[in-house]
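*Asks:* Attaching a predicted model along with its sequence, questions to come.
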Amino acid sequence: MSNETNALLALKNAWNGAIAASDRLRELAPALGALAEDTDVATIDLETYRQATLAHAIAAEAVRGLVEQLQRHTAVAPQGT
């Protein structure tokens, strides 16, 4: 397997992870949106929201870091390698 193939697989996997994390946020959106404005924050499952947003942030950062790494690699590598 070439370096290009490995890089593409890594990008696809990182992207899919970010999409999955985003889907989790989307799953939680209706419940959060349905909360009455006078809801006591202490009664909300904040840990679930913390975990979902943390997973999303980590996944997005992983994709960003990989893309930046690939940009640096392609900027210095001669075409066709």
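*Replies:* Looks like it came in fine. Numbers count the residues shown, from 1 in each chain.
*Asks:* May I ask which helix or strand encompasses residue 8?
*Replies:* Using DSSP states H and E, residue 8 maps to helix 3-33.
*Asks:* Tell me what angle the helix or strand following that helix forms with helix 3-33.
*Replies:* Using DSSP H and E, the helix or strand that follows helix 3-33 in sequence is helix 46-76. Counting by axes from the mean of the first three to the mean of the last three C-alpha atoms, to 10 degrees, helix 46-76 lies at 150 degrees to helix 3-33.
*Asks:* Show me the shaky parts of this structure.
*Replies:* Within the chain, the ranges that satisfy pLDDT under 70 run 77-81.
*Asks:* in it, what residue sits furthest out from the centroid?
*Replies:* residue 38 (31.5 Å; C-alpha atoms, centre = their mean).
*Asks:* And residue 40, how far from residue 22?
*Replies:* Distance, residue 40 to residue 22, using C-beta to C-beta, to the nearest Å: 29 Å. From N, CA and C alone the C-beta is placed, and that goes for glycine too.
*Asks:* circling back: quick one: contacts for the residue farthest from the centre of the chain?
*Replies:* Going by C-beta atoms under 8 Å, 6 or more residues apart in numbering, residue 38 touches no other residue.
*Asks:* So which elements touch the helix holding residue 8?
*Replies:* Packing partners of helix 3-33 (3 or more C-beta pairs under 8 Å, 6 or more residues apart in numbering; DSSP states H and E): helix 46-76.
*Asks:* The helix it packs on: how far from the chain's middle?
*Replies:* Helix 46-76 sits 5 Å away from the centroid of its parent chain (C-alpha atoms, centre = their mean, to the nearest Å).
*Asks:* Quick check: buried residues in it?
*Replies:* 52, 55-56, 59, 62-63, 66 (16 or more other C-beta atoms under 10 Å).
*Asks:* Max pairwise distance over those residues: which two?
*Replies:* 52 and 66 (21.6 Å; C-beta to C-beta).
*Asks:* circling back: okay, the buried residues of helix 46-76 in TSV with distance to residue 5 next?
*Replies:* Formatted as TSV, those follow (distance: C-beta to C-beta, whole Å):
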residue	distance to residue 5
52	32
55	27
56	28
59	22
62	19
63	18
66	15
